[in-house]
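*Asks:* Sequence first, predicted coordinates after that:
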Amino acid sequence: MRQDEFGLAAPPAGLYDFSAAIRSGIDGFGNVTDADIEQFHALGFLVIHNAIDQSAIEAGRSGIRDLILSRENDNIMYEAVVGERFHALADEERLDSVRKMMPVVPFDERLKTASEEAALLHVIGRIMGEPAALSQDQAMLKPPRIGREKPWHQDMAYFNYPSQTTIVGAWIALDEAKPENGCMMVIPGSHHDGPMPHWTRRDWQICDTDVRVGDSVAVLLPPGGCLLFHCLLHHGTPPTRSDKRRWALQFHYCPASVSRLPDSEHRLRVFGTDGVDVSC
Ligand SMILES: O=C(O)CCC(=O)C(=O)O
């Protein structure tokens, strides 16, 4: 397996191809038309710019900042290259060492407010054909220079729900997200392929050789932009060596009438038994 400059497992060369990119988006949730909803079902995603305004962006950033700096927060996953040094870092270094926090909504009113944004819930409800309920919430961060990849995967491989459930992810950029600093990459229409086997490699992921790299598209987002995506859409994010921080909030919503399954038995049967005890 290839290694990166930190001695960690690296993606094969060419796994993230930035030659195709989406730079535009619908201007605000209020302008999502019925044709856009149909497009979501056809392509498995929708890009919205100005999904949240500047004050909501600032609120999201300060909510995340306060959680990272809180010494009582047990939900922090820091970069492997930082390791146990994390606990002794000064505040500014700490901010640029965290990869993920989950959950965040129960611990910060500003992030809870972001997850309950009425216009967002309304669009997701239109996609699902019924009211949406929050099922998972995360801060997804790529620290400058060291942010690791999230290999190609389907989010449904991490969720214990009946197979036909349409769970929708909302990935909201708090910083500009582009290929250099690890933006989201998607394979349009791949949700129609159904569940793919996942394997424990660099993560719980689709096998690198099963990724249709030539069909992939980078989704460039300005701060406040949002990618809505289907839980079976193939997606991932490349590693970053950029000096630019990439912070995002990620909320997953399920149809309010659907309940989580009591255990992972069904999910492992569908996606493969490597996935015991994983969380997205
Ligand atoms: O934000 C990232 O880097 C990865 C997000 C993602 O694809 C996920 O958590 O499912």
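*Replies:* That came in fine, so what should we check first? Given the structure is predicted, the values throughout are model-derived calculations rather than measurements. Residues are numbered from 1 along each chain as shown.
*Asks:* mind listing the strands for the stretch 51-200 of the chain?
*Replies:* Per DSSP state E, counting those that start in this stretch, the stretch 51-200 of the chain carries strands over the ranges 76-78, 98-101, 132-142, 150-153, 168-173, 184-186, 198-200.
*Asks:* okay, those strands in TSV with distance to Cys207 and mean pLDDT next?
*Replies:* Placement of C-beta: from N, CA and C, glycine included. Formatted as TSV, the entries for these read as follows, by distance: least, Cβ to Cβ, whole Å; pLDDT from 0 to 100:
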stretch	distance to Cys207	mean pLDDT
strand 76-78	24	95
strand 98-101	23	97
strand 132-142	23	98
strand 150-153	9	98
strand 168-173	22	99
strand 184-186	16	98
strand 198-200	6	93
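*Asks:* Ala56 is nearest to which of those?
*Replies:* Within these, the stretch nearest Ala56 is strand 168-173; the backing value is 8.8 Å (Cβ to Cβ).
*Asks:* Show me what that closest one is in contact with.
*Replies:* Where contact means Cβ atoms under 8 Å, 6 or more residues apart in numbering, the residues beyond strand 168-173 that reach it are 51-52, 60, 114, 120, 124, 127-128, 132, 140, 155, 184, 221-231, 246-253.
*Asks:* Near the ligand, list only the ones from those.
*Replies:* Checking the contacts of strand 168-173 against the ligand by Cβ under 6 Å from any ligand atom, the ones in range are Met140, Asp155, Ala248, Gln250.
*Asks:* most neighbours, which of these?
*Replies:* Ala248 (27 neighbours; other Cβ atoms under 10 Å).
*Asks:* OK, contacts around it?
*Replies:* With Cβ under 8 Å, 6+ apart, Ala248 has these contacts: Ala139, Met140, Leu141, Trp171, Ile172, Ala173, Leu174, Asp175, Ala177.
*Asks:* Now with 7 Å, please.
*Replies:* Met140, Trp171, Ile172, Ala173, Leu174, Ala177 (Cβ atoms under 7 Å, 6 or more residues apart in numbering).
*Asks:* out of the contacts of strand 168-173, which are inside helices?
*Replies:* Taking DSSP state H as the definition of helices, the contacts of strand 168-173 contribute Gly60, Ala114, Leu120, Ile124, Ile127, Met128.
*Asks:* re earlier: I'd like to know which of the contacts of Ala248 is nearest to the ligand.
*Replies:* Met140 (3.3 Å; Cβ to the nearest ligand atom).
*Asks:* Let me know the secondary structure of Pro11.
*Replies:* Under DSSP: H, G, I helix; E, B strand; the rest coil, the three-state class of Pro11 is coil.
*Asks:* Would you mind confirming that it makes contact with Glu149?
*Replies:* Yes. Pro11 lies in contact with Glu149 (Cβ atoms under 7 Å); the separation is 5.5 Å.
*Asks:* Could you tell me which residues of the chain lie near the ligand?
*Replies:* By the criterion of Cβ under 6 Å from any ligand atom, the positions of the chain lying close to the ligand are Met140, Lys142, Lys150, Asp155, Gly182, His235, Thr237, Ala248, Gln250, Cys280.
*Asks:* Reformat those residues as CSV; add distance to His191.
*Replies:* Formatted as CSV, these follow (distance: Cβ to Cβ, whole Å):
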residue, distance to His191
Met140, 20
Lys142, 24
Lys150, 17
Asp155, 10
Gly182, 22
His235, 10
Thr237, 18
Ala248, 20
Gln250, 17
Cys280, 16
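*Asks:* with those residues in mind, which one is nearest to Asp36?
*Replies:* For the residues of the chain next to the ligand, the residue nearest Asp36 by Cβ to Cβ is His235; the value is 18.9 Å.
*Asks:* Dig out what the nearest residue to the closest one once chain neighbours are set aside forms beta bridges with.
*Replies:* Distances taken as Cβ to Cβ, 6 or more residues apart in numbering put Val186 closest to His235, at 4.7 Å, once the chain neighbours are dropped. Applying DSSP bridges to Val186 yields these beta-bridge partners: Val217, His235.
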